[in-house]
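Student: Show me the folded form of this:
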Amino acid sequence: MRILYQFPLSHFCEKARWLLDHKELDYVAQNLTPGLHRIKMLLHTNQHALPVLKDGEQWITDSTKIALYLDQNYPEHTLIRKEAELRDQILSIDAKTQELGNHVRRWLFFYILKQENSNTLDVILGEKGILRNWQKLSVPAMRLALKRMLNINEQSVGESKIRMDELIEEFNQTLIENGGRYLVGQRLTLADIAVCSMFAPLLMIEGTPWELDLSQHYESEVLQSRAQLMQLPLGQYIQRVYDTERNARIDWRGI
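Tutor: Numbers count the residues shown, from 1 in each chain. Predicted coordinates:
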């Protein structure tokens, strides 16, 4: 049985789930407790970042390495085109989404951590486990840890917003130049999955961990950024690809 070790809320883990779903492979999404996950990951992979895929005896770290592994071992429904020019374009876009994902995460958590009651933090706690059982202690500790881990301060958040906007403009132009349907070529690739996964939290895509909840309070800056992105071909493309090609095979909440 394939096991994807994940944090349900992570957009990098969403990318890995989508890769496996696109390949139509059976797997289990196994949640790990933030912080404590380091013990298991260091033991098996000599690093502590998620997602990590365990396929038989193989442990594959990093969502991009997972994509490369899947194409090599499960060639149907390829993620990366074999043509050299298209392959380079796909991998270049994917590399930029690594940076994009970090900026999106920092910028959004700046606003999430301002909320006294946040569904986002509730997802991190999980439905059961040590964080949920001791949430009076774990929530304040989680807030502090996230702020420190993501380097959240007024200057860094401002810089992240500038870089996010630059990448939005770049990806929007790439999409237009390719005809508006996909970022590279004429079918879904790793480039599309990576870009859509990284922007899903900002667009609050239905059926994802970041789905818009009208009962929640959202900062005006977050709603404004969402609206501005949806006005662009890029935002409309992301919504369309999620609507027509996400085809999730498991619940993102994991087990």
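Student: L53 belongs to a helix?
Tutor: No. Under DSSP: H, G, I helix; E, B strand; the rest coil, L53 sits outside any helix and is assigned strand.
Student: for the closest residue to it other than its chain neighbours, what are its contacts?
Tutor: For L53, ignoring the flanking residues on the chain, the nearest one in space by Cβ to Cβ, 6 or more residues apart in numbering is I60 at 4.5 Å. To be clear about C-beta, it is placed using only N, CA and C from the backbone, and glycine gets the same treatment. The contact partners of I60, by Cβ atoms under 8 Å, 6 or more residues apart in numbering, come to V52, L53, K54, I66, Y69.
Student: and L79, how many neighbours?
Tutor: Around L79 there are 24 other residues, counting by other Cβ atoms under 10 Å.
Student: so it is in which element?
Tutor: If you go by DSSP states H and E, L79 is not part of any helix or strand.
Student: Over to the residue nearest to Q186 when sequence neighbours are not counted. Which of the three states is it?
Tutor: Spatial nearest neighbour of Q186, excluding adjacent residues (Cβ to Cβ, 6+ apart): G179 at 7.8 Å. What three-state DSSP gives for G179 is coil.
Student: How many residues are close by G179?
Tutor: What G179 shows, counting by other Cβ under 10 Å, is a neighbour count of 9.
Student: Against L223, how distant is it?
Tutor: According to Cβ to Cβ, to the nearest Å, G179 and L223 sit 30 Å apart.
Student: With pLDDT as added columns, please give the contacts of I60 in CSV.
Tutor: Shown next, in CSV, are these (pLDDT from 0 to 100):
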residue, pLDDT
V52, 98
L53, 98
K54, 98
I66, 98
Y69, 98
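Student: ok, these vs V184, which is closest?
Tutor: I66 (18.8 Å; Cβ to Cβ).
Student: That closest one reaches K54, doesn't it?
Tutor: No. Contact criterion Cβ atoms under 8 Å: I66 and K54 do not qualify, at 10.8 Å.
Student: Do I have it right that V157 meets F110?
Tutor: Yes. Counting by Cβ under 8 Å, V157 touches F110, with 4.5 Å between them.
Student: So these two - more neighbours on which side?
Tutor: F110 (23 against 18).
Student: Tell me the helix or strand right after the worst-scoring helix or strand of the chain on mean pLDDT.
Tutor: Within the chain, no helix or strand scores below helix 130-133, which has a mean of 63 by mean pLDDT, DSSP states H and E. As assigned by DSSP H and E, the chain's next helix or strand after helix 130-133 is helix 135-149.
Student: could you dump that following helix to CSV, C-alpha only?
Tutor: Provided in CSV are the C-alpha atoms of helix 135-149 (Å, rounded to 0.1, in the frame of the first residue of the first chain):
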residue,chain,number,x,y,z
GLN,A,135,-5.6,22.3,22.6
LYS,A,136,-5.6,24.9,25.3
LEU,A,137,-1.9,24.6,25.4
SER,A,138,-1.2,23.5,21.8
VAL,A,139,-3.1,26.4,20.1
PRO,A,140,-1.0,29.2,21.6
ALA,A,141,2.2,27.2,21.1
MET,A,142,1.1,26.6,17.5
ARG,A,143,0.6,30.3,16.8
LEU,A,144,4.0,31.1,18.1
ALA,A,145,5.7,28.3,16.2
LEU,A,146,4.0,29.2,12.9
LYS,A,147,5.0,32.8,13.3
ARG,A,148,8.6,31.9,13.9
MET,A,149,8.8,29.0,11.4
